[in-house]
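Got a predicted structure here, sequence first:
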Amino acid sequence: MPKVGVRTTFNWRGALAKRAVREAADVGLGLAAVVIRNDSSGRAPVRTGRLRDSHDTERKRLLLHSIVATAPYAAFVEFGTVRMAAQPFLRPALATGRATIIKLVGQRVKRATAPFR
């Protein structure tokens, strides 16, 4: 049996596995973004509820998700101003959510790669 045939089969499965891993990781990142968004929304200081309700997740492209607070004053609350102390809500949520990201992405990738083992 020629080595070329074995190599072609391996490359095809390799490309298939690579695509499966990327798609699974993207789904895991999306789920993790929702968990972190909910956490940051709960950490946001509430006066009127506008900042708390302005949190959203966006999928920019494959493997790139973002969590945004669309209230116009969100950055001022997160980072503070000369006259107002910072009240961070997004950064602490991301810091505590790192383990969640690793766990959710890992679970999805493990499940997606099961047929290739």
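Looks like it came in fine. Here the structure is a predicted model, which is why all the values come from computation and not from measurement. Residues are numbered from 1 along each chain as shown.

does K60 count as helix, strand or coil?
strand (DSSP: H, G, I helix; E, B strand; the rest coil).

Distance check, it against L29.
Note on K60: its distance to L29, by CB to CB, to the nearest Å, is 11 Å. Quick note: C-beta positions are derived from backbone N, CA and C, even for glycine.

These two: who's more crowded?
The neighbour comparison of K60 against L29 (other CB atoms under 10 Å) goes to L29, with 20 against 8.

Look up which helix or strand the spatially most central residue of the chain falls in, please.
Nearest to the centroid of the C-alpha atoms of the chain, with distances taken as CA atoms, centre = their mean, sits L29, at 3.4 Å. Here L29 sits within helix 3-43, counting by DSSP states H and E.

who are the neighbours of that helix, in terms of helices and strands?
In this structure, helix 3-43 packs against helix 50-53, strand 55-61, strand 64-69, helix 90-113, with contacts taken as 3 or more CB pairs under 8 Å, 6 or more residues apart in numbering; DSSP states H and E.

Where does the prediction get shaky in this protein?
Along the chain, segments meeting pLDDT under 70 span 1-13.

go again using 90 as the cut-off
Residues of the chain meeting the criterion pLDDT under 90: 1-21, 109-110, 112-117.

Cool, thanks, talk later.
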